[in-house]
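Participant: Sequence plus predicted model, see below.
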Amino acid sequence: MAKQNRRIEKGRRDPFVLALPYPFKAWLALSSDPDNTLFKDWQELDGVIWKEIGLPFADSFFIRSFNTHHTHQVDLHGHPGILASHPHDTIHTWGDFVFGGKRGFDRQDAIDHAAIIAQAGFTPRIWTDHSTFFGNLLHVHQYGGQPELRDASGYVYSNTLYTLDLIQAVGVRYVWDGTVTPVMGQGRPMRLLTYHMAYAGSFRTGVTRYVKHLLMNAFGVGIDFRKKFHGNSIYRPHRFADGNTLYLFQRHGSWPSGDIDGLGEVLAPERMEQLMRTGGFCIAYTHLGKRPANRTHDPVHVPASTLAALRNIKDLMERKELMVSSTSSLLDYAVLRDHISVDVREHIIRFNADGIAFKTVGAAELKGLSFTFLRKQLDLETVRVRGTIEELRPRFEDHGDRFSLHFDVP
């Protein structure tokens, strides 16, 4: 048991468990922020992405928007029907309080807004920071995760912007770390040199950063430089100032391409081919409702290039080459996968709880997911599957030298 715990703590998946469910080559999700979204554009996005093409992405929303620059921005308060129209799994902070004029923000707003989403029957799995909001957890400001503030004279004050306990209480388990990575295909092993070259997009710059990283690490200096490079993991645990531990994740893309036009570049067919060649996961960063300023008066919100890219993704999904899902499903799968243990002697596959995203693992937590294993010495006639509190009865699919467990949706 001690050996198994060490493996789980280090995030190493059991060697019997394959990285992705068979026969998929890579996994894609879309993580969009709702900034600038007008309702007519929201309707077009809903009609194109979820109704016409039928992609299983999940969306995000503002609970309420007080932004005086974007007075017609879509939020749950003004458009309560948005949650029923297509899947959502993300709240973009507690709302848009940036450029709110005299309208400030404090903990009571978070309490009120938590009640709004509870009344709507919604449980957010993901939190993304918004712009320069003072209640952010990691991006620009970090006051949302600090229960106390200390001034230069040593006085300690309670922080009225602190809400991380409420964020966790409403159901959030994954927090965007505030960064956008250019590396394609996360969650796959990469040597530090390969990682730096992929991050820089240049051999010379990558090697220079690699040497700099090694030297700074050896002498214990350059912490701010080294913090910029979080490695290629798809998720990582982070302990906040209040003692809460949640998982952080990066998003893929670039700041300039973070709108509906740039999305066509990030998800272009040639880039999806690259993703499937490298393998791994991709959580694409965008703002679906935002368009370039020079297209403000264009009657069509989704440009042809982005539409073509989305249709290509649907084709890859239907051919079972590219797994496509919500961001929360992708992250849940990765966490669950990394906490599976296979007992060959007893012919038992165990789904263990990680203690952060999952306190228990049973049929409800695994619903809709599939996991693929190397067959090796396992006898499919006698192998048993267990969760943390019950024996599980997934559907087995034999692939010859490997097999899959499907936790089908009833």
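Facilitator: Structure's in. What do you need? Treat the numbers as computed from the prediction; the structure is a model and nothing was measured.
Participant: ok, and the nearest residue to residue 267 once chain neighbours are set aside, which helix or strand is that part of?
Facilitator: Closest residue to residue 267 apart from its sequence neighbours, by Cβ to Cβ, 6 or more residues apart in numbering: residue 309 at 4.2 Å. Any C-beta I mention is one placed from the backbone N, CA and C, and that applies to glycine too. Residue 309 belongs to helix 304-318 when assigned by DSSP states H and E.
Participant: buried stuff in that helix?
Facilitator: Residues 306-307, 309-310, 312-314, 316-317 are the ones in helix 304-318 that count as buried (16 or more other Cβ atoms under 10 Å).
Participant: Residue 119: which of those is nearest?
Facilitator: Taking Cβ to Cβ as the measure, residue 119 lies nearest residue 310 of those, at 32.8 Å.
Participant: Now do the residue lying closest to the closest one once chain neighbours are set aside against residue 329, distance only.
Facilitator: Sequence neighbours aside, residue 53 is the residue nearest to residue 310 in space, at 5.5 Å (criterion: Cβ to Cβ, 6+ apart). Counting by Cβ to Cβ, to the nearest Å, the gap from residue 53 to residue 329 is 18 Å.
Participant: Following the record's annotation, map out the domains of this protein.
Facilitator: Domain assignment of the chain by automatic domain parsing yields the ranges 1-24+320-410, 29-189+232-311.
Participant: rewinding a little: quick one: which of residue 53 and residue 329 has more around it?
Facilitator: Shown here are residue 53 and residue 329; by other Cβ atoms under 10 Å, residue 329 has more neighbours (20 against 15).
Participant: I'd guess the more buried one is in a strand, am I close?
Facilitator: No - secondary structure assignment (DSSP: H, G, I helix; E, B strand; the rest coil) places residue 329 in helix, not in a strand.
Participant: follow-up on the earlier one: so which other helices or strands are in contact with the helix holding residue 309?
Facilitator: When contacts are defined as 3 or more Cβ pairs under 8 Å, 6 or more residues apart in numbering; DSSP states H and E, helix 304-318 packs onto helix 260-266, helix 269-278, strand 322-325.
Participant: Relative to residue 121, which of those is closest?
Facilitator: When those are compared by Cβ to Cβ, strand 322-325 sits nearest residue 121, at 21.4 Å.
Participant: elements contacting the closest one?
Facilitator: strand 26-32, helix 269-278, helix 304-318.
Participant: please redo it, this time with the cut-off set to 6 Å
Facilitator: Packing partners of strand 322-325 (3 or more Cβ pairs under 6 Å, 6 or more residues apart in numbering; DSSP states H and E): strand 26-32.
Participant: Now render the buried residues of helix 304-318 as JSON lines, adding pLDDT and distance to residue 26.
Facilitator: Converted to JSON lines, those look like this (pLDDT from 0 to 100; distance: Cβ to Cβ, whole Å):
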{"residue": "306", "pLDDT": "98", "distance to residue 26": "20"}
{"residue": "307", "pLDDT": "98", "distance to residue 26": "22"}
{"residue": "309", "pLDDT": "98", "distance to residue 26": "15"}
{"residue": "310", "pLDDT": "98", "distance to residue 26": "16"}
{"residue": "312", "pLDDT": "98", "distance to residue 26": "14"}
{"residue": "313", "pLDDT": "98", "distance to residue 26": "11"}
{"residue": "314", "pLDDT": "98", "distance to residue 26": "15"}
{"residue": "316", "pLDDT": "98", "distance to residue 26": "9"}
{"residue": "317", "pLDDT": "98", "distance to residue 26": "11"}
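Participant: would you list those residues in a markdown table and tack on distance to residue 223?
Facilitator: A markdown table is the format used below for the buried residues of helix 304-318 (distance: Cβ to Cβ, whole Å):
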| residue | distance to residue 223 |
| --- | --- |
| 306 | 39 |
| 307 | 44 |
| 309 | 38 |
| 310 | 40 |
| 312 | 42 |
| 313 | 39 |
| 314 | 44 |
| 316 | 41 |
| 317 | 41 |
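Participant: Can you pick out the most distant pair from those?
Facilitator: Greatest spatial distance in the buried residues of helix 304-318: 306 and 317, 16.5 Å, computed using Cβ to Cβ.
Participant: what does the longest helix along the chain contact?
Facilitator: Determined from DSSP state H, the single longest helix within the chain is helix 203-219. For helix 203-219, contacts defined as Cβ atoms under 6 Å, 6 or more residues apart in numbering pick out 193, 196-197, 200, 222.
Participant: buried subset of these?
Facilitator: 196-197, 200.
Participant: Closest one of the residues you listed to residue 36?
Facilitator: residue 200 (30.6 Å).
Participant: Just want the phi and psi numbers for that closest one.
Facilitator: phi -80, psi -30 (degrees, to the nearest 10).
Participant: Let me know the closest of the contacts of helix 203-219 to residue 46.
Facilitator: For the contacts of helix 203-219, the closest approach to residue 46 (Cβ to Cβ) belongs to residue 200, at 37.9 Å.
Participant: Let me know the pLDDT of the closest one.
Facilitator: On pLDDT, residue 200 comes in at 87.
Participant: How about it, nearest residue that isn't a chain neighbour?
Facilitator: Using Cβ to Cβ, 6+ apart and skipping residues adjacent in sequence, the residue nearest residue 200 is residue 206, 4.2 Å away.
Participant: Helices of the chain, start to end?
Facilitator: For the chain, the helices defined by DSSP H cover 2-9, 39-45, 82-85, 107-119, 164-169, 192-200, 203-219, 223-227, 260-266, 269-278, 304-318, 327-338, 363-366.
Participant: and the ones you listed, which is most packed in?
Facilitator: helix 327-338 (a mean of 23; mean count of other Cβ atoms under 10 Å).
Participant: now the angle from that helix to strand 26-32?
Facilitator: In terms of direction (axes from the mean of the first three to the mean of the last three Cα atoms, to 10 degrees), helix 327-338 departs from strand 26-32 by 140 degrees.
Participant: how far away is the closest residue to residue 164 other than its chain neighbours from residue 237?
Facilitator: Sequence neighbours aside, residue 145 is the residue nearest to residue 164 in space, at 4.5 Å (criterion: Cβ to Cβ, 6+ apart). Distance from residue 145 to residue 237, counting by Cβ to Cβ: 14 Å.
Participant: neighbour-wise, which of the two wins?
Facilitator: Between residue 145 and residue 237, counted using other Cβ under 10 Å, the more crowded position is residue 145 (24 against 15).
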